[in-house]
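In: Whatever this is, show me its structure:
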Amino acid sequence: MAAAIEATARGCDVTVLDESARPGGQIYRQADPRLPGNEFAEPTELARKKRLLRRFDEILHAIDYRANAIAYAAFGNGEIHVQVEDRTEVLRPDAVVIATGTRERAIPFPGWTLPGVMFAGGAQAILKAQRTSPGRVAVVAGCGPLPIVVASQLTRAGTKVAALANLRSPLAILRSPSGLWHGRDIMREGVRYGRSLLHAGVPRLTGHVPIRAFGKQRLEAVQLARVDEQGHVMPGTVREIACDLLAVNYGFIANSELAAMAGARIRHDPDGGFWLPETDEEGRTSLPWLFAAGDTAGLRGALVAESEGTIVGAAAASAVRTVATSDALTEAIAVRNWAPAFAGATLACRARRRGAPTVANFLRASCSPSSSAGQR
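Out: Numbering: from 1, shown residues only. From the prediction side, this is the model:
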């Protein structure tokens with residue numbers, strides 16, 4: 001959205017392909033206005049959402065906005081192949097900004113295909129789009145800030161959260177004071193989410209992971225256990241909790257497939273264990289017409305993604321026509337410049353360096369024929 005706003009302001013003809021029915025993406029996902037109920041996010045997040053959506057609404061009359069559209073192919077000659085409902089179309093724009101975001105990292109365990117077991121982001125999408133909770137009694141497990149946020153939002157929606165199982169302590173972020181200072185506004189939101197969990201009396205189990213989900217037709221209970229640094233279950237730590245919702249998140253993977261398909265140079269991110277398009281400071285890839293914005297170019301969160309969208313939108317516009325700088329671009333560059341410090345502060349909490357390997361090691365151990373971990 002931010003890229004479209006900036007490119008439109010610079011006189012470009014803009015087409016936006018949105019796979020959702022309404023603008024907003026995952027973070028600022030919108031419910032149908034006819035649905036009753038309230039939103040469960042923090043007021044400061046809702047204010048940012050309202051501001052960006054208002055700015056996007058102001059340009060809707062000037063752009064070609066296509067909802068429920070999927071860009072399923074990109075080629076080195078600049079062609080973009082799109083599916084909209086039951087038809088396909090080939091677009092040949094002068095510049096393309098890919099802002100395809102991320103997907104959650106799938107780490108399977110016994111019973112993970114039962115109805116009621118879902119990604120934390122999926123549970124949050126239901127909260128945002130449907131204004132209702134996907135379960136009555138929930139266990140939330142994972143690494144980093146998202147499980148904390150989702151657990152808090154579930155309690156606000158009336159769900160009983162029976163346990164929040166963090167692989168790492170959220171206090172690990174305190175190791176980077178400079179990052180905390182740069183990201184202090186976001187940190188305040190995190191503190192308020194954490195406080196709401198305390199008020200709701202949600203039990204917190206640090207170092208625990210789900211080792212098995214049980215149920216006949218759908219989820220009925222989950223087993224959690226504490227694991228060591230090698231991913232081995234620690235004796236005497238297995239506990240079973242009755243629930244009808246298990247929301248898990250062990251990190252994210254950038255959706256870089258379109259850039260790779262188009263032939264852009266790709267680099268491996270050793271911290272995340274995934275591939276990213278190589279970009280310069282303006283989001284330009286090795287292909288002069290192709291740009292990447294937001295988490296597609298590196299996982300840094302929604303606030304930085306919005307600023308990068310403005311920067312990349314300006315760069316894409318400059319590839320089409322001569323443009324001047326703007327106040328919005330200057331502000332976006334300032335936000336982007338403090339992003340590395342804050343990203344460093346949050347790295348330990350986002351399941352990139354050690355969280356995911358620990359879970360993967362556990363899974364390799366628990367699924368081997370000689371292991372009895374998780375058996376009833």
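In: Quick one: the helices in the stretch 101-250 of the chain, in order.
Out: 120-130, 145-156, 177-182, 184-200 (DSSP state H, counting those that start in this stretch).
In: what about those, which gets the closest to Ala225?
Out: helix 145-156 (16.8 Å; C-beta to C-beta). In this view, the C-beta of every residue, glycine as well, is placed from N, C-alpha and C.
In: If you count neighbours, what's buried in the closest one?
Out: Of all the residues in helix 145-156, those buried under the rule 16 or more other C-beta atoms under 10 Å are 145-156.
In: Turn the helices of the stretch 101-250 of the chain into CSV, including distance to His232 and mean pLDDT.
Out: Shown next, in CSV, are the helices of the stretch 101-250 of the chain (distance: least, C-beta to C-beta, whole Å; pLDDT from 0 to 100):
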stretch, distance to His232, mean pLDDT
helix 120-130, 25, 96
helix 145-156, 22, 95
helix 177-182, 32, 46
helix 184-200, 28, 80
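In: Highest mean neighbour count out of the ones you listed?
Out: helix 145-156 (a mean of 24; mean count of other C-beta atoms under 10 Å).
In: coming back round to it: just so I know, which of the helices of the stretch 101-250 of the chain lies nearest Met234?
Out: helix 145-156 (20.5 Å).
In: and the angle from the closest one to helix 184-200?
Out: Using axes from the mean of the first three to the mean of the last three C-alpha atoms, to 10 degrees, the inter-axis angle of helix 145-156 relative to helix 184-200 is 50 degrees.
In: wait, Val137 sits on Gly158?
Out: No: checked against C-beta atoms under 8 Å, the pair Val137 and Gly158 is beyond contact range at 11.0 Å.
In: Nearest the geometric middle of this protein, what residue?
Out: Taking C-alpha atoms, centre = their mean, the centroid of the chain lies closest to Thr102, which sits 5.6 Å from it.
In: Show the pLDDT at Thr102.
Out: Confidence at Thr102, expressed as pLDDT, is 94.
In: just the strands in the stretch 1-150 of the chain please.
Out: In the stretch 1-150 of the chain, the strands defined using DSSP state E, counting those that start in this stretch lie at 15-17, 64-66, 69-74, 80-84, 87-91, 96-98, 102-104, 117-119, 137-142.
In: Kindly present those as a markdown table, with separate columns for distance to Ala260.
Out: Formatted as a markdown table, those follow (distance: least, C-beta to C-beta, whole Å):
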| stretch | distance to Ala260 |
| --- | --- |
| strand 15-17 | 18 |
| strand 64-66 | 23 |
| strand 69-74 | 9 |
| strand 80-84 | 14 |
| strand 87-91 | 19 |
| strand 96-98 | 10 |
| strand 102-104 | 15 |
| strand 117-119 | 23 |
| strand 137-142 | 27 |
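In: Now do Gly24: how many residues are near it, please.
Out: Using other C-beta atoms under 10 Å, Gly24 has 19 neighbouring residues.
In: Could you find the closest non-adjacent residue to it?
Out: In space, and not counting its chain neighbours, Gly24 is closest to Gln30: 4.7 Å by C-beta to C-beta, 6 or more residues apart in numbering.
In: Can you give me the distance of the one you found to Leu53?
Out: 7 Å (C-beta to C-beta, to the nearest Å).
In: any shared contact partners between the two?
Out: Jointly contacting Gln30 and Leu53 under the rule C-beta atoms under 8 Å, 6 or more residues apart in numbering are 23-24.
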